[in-house]
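Visitor: Coordinates only, no sequence provided:
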């Protein structure tokens, strides 16, 4: 219980910090960076549900992000649909395409799944890049409108957009939390543990994998659509493979299969990478080894490291419970998922 | 209740079981004996739909289940408790058990009833319900694996080597529990290497050797069969 309370305080504190950030820091540039980070976090959460909790590493999510962005762009620019309807439709379109791709992709496993989805992602990029008449090809799509007003609420200023994105991010986190801590979430974790074992207790693995795949593309699409209306210009490069590797880096550094990982990883890497802008592409010389070290020593990322430290400290306090008592939240962990003896 | 008719399963060019005929009547406790690699686990996997047979048919309550997916077979009432007590080790004991009732997840009160029944059968699990499954001892893990299988309310419970790697005293307890489950009305199909203990509680048995059934009969017959005694009981 104590842990839960503490956790609630942290969450509460972070929400307030995010809420008052614009007043503490009047710098437009950082507001822009933070808004953008929030959008990435939504996409990373989508990826986390699939790769972290279900164990299916999709490398097609930059493609789904781009589908969401282009859906919104095309719907608002070319057909003039109301922004909010376009936003909902973009998520829907991405999910439907995700469903169709999932039907095929989920028949593969592990690295085959990763390779297959990598190809799917690249095909999506190519389609966007080459289908000039629809997407504008390499020239991209310009003049995407900002979110339209809801009654007296206007979303023209960067401050209001910051809060809009923050709202969607909080909604995403809330939904993720509810999913992960429900039977559905535990079903996903069961599939990650062992698909065969999941089958023997009566879980229809294909159905559940399809559900999680569609959910995760939904969030990728939502992030893409928000990105399009925030940046107001999109080009095919948002669907390029470097984007998925960025997302994956955020997730791995933060902690794959943890609740807070996407936030920690994204904010950290984006801000560090902004501070090191003067190094240009040589930044990767720092990130590459850093990522490698984290994967080797902390496979569950920074959040995993903190969880471990917390558990150690707690077990030192109550040595009697050392081996037996472990908190619920740890069912999120990736290591030693499976007991197999004999 | 369950009938395998000329069942064969192959992994690539290797035939794991060949033309196996097995019958289990309702309420029976039937044991499959055999050494490692004799085909017991493959037979179980074929029944629970994880491995698809290349020949033969499986009938459960008169209907063929060969084409059904594993989750439908669980819904039909056949639940396997896999070998090596595979658990969701990072989940707590009670979470593991609730996962076992996955097919009944909509009937919340039923799940609760099953849960208290399992706790009654294995009081230690109730004591440790909020501990993670990975922190349990071997015997407790096996109890949890059986308990989880019971949560699905099986008509036919398949137990794959529940005594493997357990201390003799625990093995004895385990067989007592299995007999009790059977007496309370669940049909049990048991795969074992521990022939002596298994035949003591079983009604009938089948002996597997390199993928085929070589001997069959009542427990009494098998216990007195010279070949079986030599190979599996060692007396």
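Guide: Perfect, I can see it now. Predicted, not measured: the structure shown is a model, and the values here were computed from it. Numbering: from 1, shown residues only, chains lettered A, B, ... in the order given.

Visitor: and stretch B:35-50, average pLDDT?
Guide: Per-residue pLDDT values over stretch B:35-50 give a mean of 88.

Visitor: quick one: low-confidence parts of the stretch 201-342 of chain A?
Guide: For the stretch 201-342 of chain A, the stretches with pLDDT under 70 are A:317-342.

Visitor: Just the strands from it, written as ranges.
Guide: Secondary structure of the stretch 201-342 of chain A (DSSP state E, counting those that start in this stretch): strands at A:233-234, A:338-339.

Visitor: for chain B, same thing?
Guide: B:2-11, B:14-24, B:29-33, B:55-60, B:63-64, B:78-81, B:87-88, B:156-160, B:187-192, B:204-209, B:212-218 (DSSP state E).

Visitor: Including mean neighbour count and distance to chain A, could the ones you listed go into CSV?
Guide: Quick note: C-beta positions are derived from backbone N, CA and C, even for glycine. As requested, the strands of chain B are exported to CSV (neighbours: other CB atoms under 10 Å in any protein chain shown; distance: least, CB to the nearest CB, whole Å):
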stretch, mean neighbour count, distance to chain A
strand B:2-11, 18, 14
strand B:14-24, 18, 16
strand B:29-33, 26, 17
strand B:55-60, 17, 15
strand B:63-64, 10, 18
strand B:78-81, 28, 5
strand B:87-88, 28, 5
strand B:156-160, 25, 9
strand B:187-192, 25, 13
strand B:204-209, 22, 18
strand B:212-218, 16, 23
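
Visitor: for those strands, which one sits closest to residue A:23?
Guide: Closest approach to residue A:23 among the strands of chain B is made by strand B:87-88 (45.4 Å; CB to CB).

Visitor: on contacts alone, who are the packing partners of the longest helix seen in chain A?
Guide: Assignment by DSSP state H gives helix A:205-231 as the longest helix of chain A. On a contact count with 3 or more CB pairs under 8 Å, 6 or more residues apart in numbering or on different chains; DSSP states H and E, helix A:205-231 meets helix A:28-47, helix A:61-77, helix A:83-105, helix A:158-180, helix A:183-193, helix A:195-200.

Visitor: State the distance from residue B:123 to chain A.
Guide: In this view, residue B:123 and chain A are 16 Å apart by CB to the nearest CB, to the nearest Å.

Visitor: Looking at chain A, which residue is nearest chain B?
Guide: residue A:202 (3.2 Å; CB to the nearest CB).

Visitor: show me what contacts residue 41?
Guide: Answering for chain A, as no chain was given. A:169, A:172, A:250, A:262-263, A:266-267 (CB atoms under 8 Å, 6 or more residues apart in numbering or on different chains).

Visitor: wrong one, I was asking about chain B
Guide: Contacts of residue B:41 (CB under 8 Å, 6+ apart): B:83, B:160, B:191.

Visitor: Setting aside sequence neighbours, what's the nearest residue to the residue most central in space within chain A?
Guide: The centre of chain A sits closest to residue A:44, judged by CA atoms, centre = their mean, with a distance of 1.4 Å. Computed as CB to CB, 6 or more residues apart in numbering or on different chains, the closest residue to residue A:44 that is not its neighbour in sequence is residue A:262, at 3.9 Å.

Visitor: ok, the one you found - how many residues close by?
Guide: Residues lying near residue A:262 (other CB atoms under 10 Å in any protein chain shown) number 32.

Visitor: what's the angle from the longest helix along chain B to strand B:29-33?
Guide: If you go by DSSP H, chain B has its longest helix at helix B:168-183. Orientation check (axes from the mean of the first three to the mean of the last three CA atoms, to 10 degrees): helix B:168-183 against strand B:29-33 gives 140 degrees.

Visitor: if you average pLDDT over helix B:168-183, what comes out?
Guide: The model assigns helix B:168-183 a mean pLDDT of 90.

Visitor: contacting residues around that helix?
Guide: Contacts of helix B:168-183 (CB under 8 Å, 6+ apart): B:27, B:29, B:121-122, B:138-139, B:142-143, B:146, B:150, B:157, B:159, B:162-163, B:166, B:188, B:190, B:194, B:197-198, B:200-201.
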